[in-house]
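A.B. asks: sharing a model prediction with you, sequence too.
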Amino acid sequence: MKPSVVFFMMDQLSAKWFEAALGGVCPTPHFDRLRTMGVTFRNAITSNPVCCPARATLATGLTTRGHGVLENGYALDPKLPTFMQALQKSGWRTGAFGKVHLYPHFAGLYPDYKPFGFDATHITEDPRGGDWLDGVESEHPEHYEAALATIWPVAILDFAAYGPKKVNLRERIEKIRSNFQWATPDFPNNTPGAYTLPFPEEVSQTNWITSRALEFIRGTRADRPLFAHISYVQPHGPKCPPAECVECVDASRIPEPAPAEWLTDPHAPKYFDQHRHMTGKVPSEHWRYYRQLYFADIVHLDRQLGRVLETLEETGRLGNTYVILVADHGDLLEDHGFNGKEERHYDACIRVPLIVAGPGLKKGVARDEMVQLEDLCPTALDAAAEKMPAMPKEGPYLKMGAEEIPALPGRSLLPLCRGETAPDWRPAAYCESYNGIWSVALGDWARTIRTQEFRYTFYPNNRGDQLFDLRSDPDEQCNLAADPSRAKIRQELRDQLLELIVRQDYPKTRRDLFALGVH
């Protein structure tokens, strides 16, 4: 029988914090199990460290400029081929559960993702409105007000005319949040941005996502392959784990924030000291508690993976299923004086966890190759022995077959997962940022090259650059961009970066393409 494919995806989970969790900050028995089942990629770099662009790359296999979703606020065109569509057309039953985020949240609280190649969808994203919230109202009405209190992006227009009855839910949410008691005797440091769940774990958004996915797996015929995109909002803020998960975290082992080294660096990007997501240049008073909640969310997510693996075993699918664990981008979590992600391309922002397990793959090994999110689409297609549609070609002018035209910039990871050598594998990864949704500044358009040895980032409009030697300075504390003794490596990396910038438009985008080779 053809194999199944499961994506287990988390939002804003850094490889740095994932590795700390695995290293003993909190119990991770199911993540540990998946590592023993497959291959861990220690140098997986997000192509664009913000939700919509990274997720569009996962679905299409295209670079940011290839699919055109430059930042949050853009919508992915469903006419662009996705690997889910390819699997669906070949008989896989496909489902999306949780956060997909191929449309901006302001586009609506009930997004339709079926045109992207999903047979079944149960969607709940950062705003929390829609299917999960409606389920709480109908199945757990005693917790509905507490669920409303967790809704933070109330500016979304649909909250002012919510659901079929067009109820003004925004006013109700704002009133509840203005008086809600986040702090409890056991957790006095709770705030609206970091709190223990104000309702039972079984009511949580995270639990709901898993439950819908398990229903899908159990409800799919045993002789039919499936693709399940199981995607969580956590540990994206607000940090909101169940209380019992907080108690599992060893607070004494939580890493301290990396200092804000740029404060004394005259060559640091010039806008850093004006940035929206600064924590005050030094760790906030409650940084340890905030990180404890983040790791507690990891505990909760680990339990969800356990539920998924158990169900795959119960249904007889586990031995013939590729399980791919990944995140879209990281979270600085007060490293270098910052929270969030975007154009601050430090390790905690751009390096993400990636584990690939499945039939015929090596078990319990790690690889150090530089891989990118662009590689996940061809990996999923390879796992299913499928291909993207060939690039459109007409006329006699392009002297090659349609199947020979390059269609994707990434490569399948399965050969690496089988232990094969790849002497022509990329020596460096590329990451880029455009404006955050609060900015139109050209200086935010960071461009980064990352190798196993160095990270070099260029900020345009005379905003400065950064060069870190990751071998001797893994915490990125000493910017070598102006060090005369490093001028040669800086220039070499700038030259390589220019090459990678050009390659972001190769292969040619399919957007608005009628055909190649047409006179």
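C.D. replies: Structure received.
A.B. asks: ok, Ala228 touching Ile217?
C.D. replies: Yes. The criterion here is CB atoms under 8 Å, and Ala228 meets it with Ile217 at 6.3 Å. C-beta coordinates here come from the backbone N, C-alpha and C atoms, glycine included.
A.B. asks: give me the more crowded residue out of the two.
C.D. replies: Under the criterion of other CB atoms under 10 Å, the comparison of Ala228 against Ile217 puts Ala228 first, with 28 against 22.
A.B. asks: got the contact list for the more buried one?
C.D. replies: Contacts here follow CB atoms under 8 Å, 6 or more residues apart in numbering; on that basis Ala228 touches Ser4, Val5, Val6, Phe7, Thr94, Gly95, Phe97, Ala213, Phe216, Ile217.
A.B. asks: considering those residues, which possesses the most neighbours?
C.D. replies: Phe97 (29 neighbours).
A.B. asks: so what pairs up with it in the strands?
C.D. replies: For Phe97, the beta-bridge partners under DSSP bridges are His122, Ile230.
A.B. asks: any idea how far it lies from Thr121?
C.D. replies: Phe97 sits 8 Å away from Thr121, going by CB to CB, to the nearest Å.
A.B. asks: quick check, central residue of this structure?
C.D. replies: Centroid check for the chain by CA atoms, centre = their mean gives Asp328 as the closest residue, at 1.2 Å.
A.B. asks: relative to Ala384, how far out is that one?
C.D. replies: Where Ala384 is concerned, Asp328 sits at a distance of 22 Å (CB to CB).
A.B. asks: do Met400 as well
C.D. replies: Between Met400 and Ala384 the computed distance is 26 Å (CB to CB).
A.B. asks: comparing the two, which shows the higher neighbour count?
C.D. replies: Each of Met400 and Ala384 has its neighbours counted (other CB under 10 Å); Ala384 has more, 21 against 10.
A.B. asks: close enough to count as contact, that one and Met84?
C.D. replies: No. Shown here, Ala384 and Met84 do not form a contact pair, counting by CB under 8 Å, at 10.4 Å.
A.B. asks: anything in contact with each of the two?
C.D. replies: Common neighbours of Ala384 and Met84, using CB under 8 Å, 6+ apart, are Phe227.
A.B. asks: quick revisit: adding secondary structure, write the contacts of Ala228 out as TSV.
C.D. replies: Shown next, in TSV, are these (DSSP: H, G, I helix; E, B strand; the rest coil):
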residue	secondary structure
Ser4	strand
Val5	strand
Val6	strand
Phe7	strand
Thr94	strand
Gly95	strand
Phe97	strand
Ala213	helix
Phe216	helix
Ile217	helix
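A.B. asks: could you give the mean pLDDT of the top helix by length along the chain?
C.D. replies: Counting by DSSP state H, the longest helix found in the chain is helix 287-314. Mean pLDDT, computed over helix 287-314, is 97.
A.B. asks: distance between that helix and the chain's centre?
C.D. replies: 16 Å (CA atoms, centre = their mean, to the nearest Å).
A.B. asks: likewise stretch 60-78?
C.D. replies: For stretch 60-78, the distance to the chain centre is 14 Å (CA atoms, centre = their mean).
A.B. asks: all further residue positions should be reported with the first residue as 26.
C.D. replies: Fine by me, first position is 26 from now on; the one you just mentioned is stretch 85-103.
A.B. asks: now the end-to-end length of it.
C.D. replies: Terminal residues of stretch 85-103 lie 10 Å apart, using CA to CA, to the nearest Å.
A.B. asks: now do stretch 112-124
C.D. replies: Stretch 112-124: ends 20 Å apart by CA to CA.
A.B. asks: so where is the protein shaky, pLDDT-wise?
C.D. replies: Counting by pLDDT under 70, the chain shows low-confidence ranges at 296, 298-307, 544.
A.B. asks: for the residue lying farthest from the centre of the chain, which residues are in contact?
C.D. replies: For the chain, the largest distance from the centre (CA atoms, centre = their mean) belongs to Pro421, which lies 42.0 Å off. Going by CB under 8 Å, 6+ apart, Pro421 touches Gly542.
A.B. asks: ramachandran coordinates for it?
C.D. replies: phi -90, psi 0 (degrees, to the nearest 10).
A.B. asks: tell me how far it lies from Ala432.
C.D. replies: Applying CB to CB to Pro421 and Ala432 gives a distance of 21 Å.
A.B. asks: again, but for Asp137
C.D. replies: Asp137 is 26 Å from Ala432, by CB to CB.
A.B. asks: of the two, which one has the most company?
C.D. replies: Under the criterion of other CB under 10 Å, the comparison of Asp137 against Ala432 puts Ala432 first, with 19 against 12.
A.B. asks: is that one in a helix, a strand, or coil?
C.D. replies: Quick answer, by three-state DSSP: Ala432 is coil.
A.B. asks: what's the burial count for Gly91?
C.D. replies: 24.
A.B. asks: now it: closest residue in space, sequence neighbours ignored.
C.D. replies: Nearest-residue entry for Gly91: Thr534, 4.7 Å, with adjacent residues in sequence omitted and distances by CB to CB, 6 or more residues apart in numbering.
A.B. asks: so which strand or helix has that neighbour?
C.D. replies: Under the criterion DSSP states H and E, no helix or strand holds Thr534.
A.B. asks: again, but for Leu112
C.D. replies: Leu112 belongs to helix 108-114, assigned by DSSP H and E.
A.B. asks: now for that helix, which elements pack on it?
C.D. replies: The contact analysis (3 or more CB pairs under 8 Å, 6 or more residues apart in numbering; DSSP states H and E) places helix 108-114 against helix 76-85, strand 118-123, strand 251-260, helix 401-408.
A.B. asks: next secondary structure after the third one?
C.D. replies: Elements were assigned by DSSP H and E; along the chain past strand 251-260, the next helix or strand is helix 268-271.
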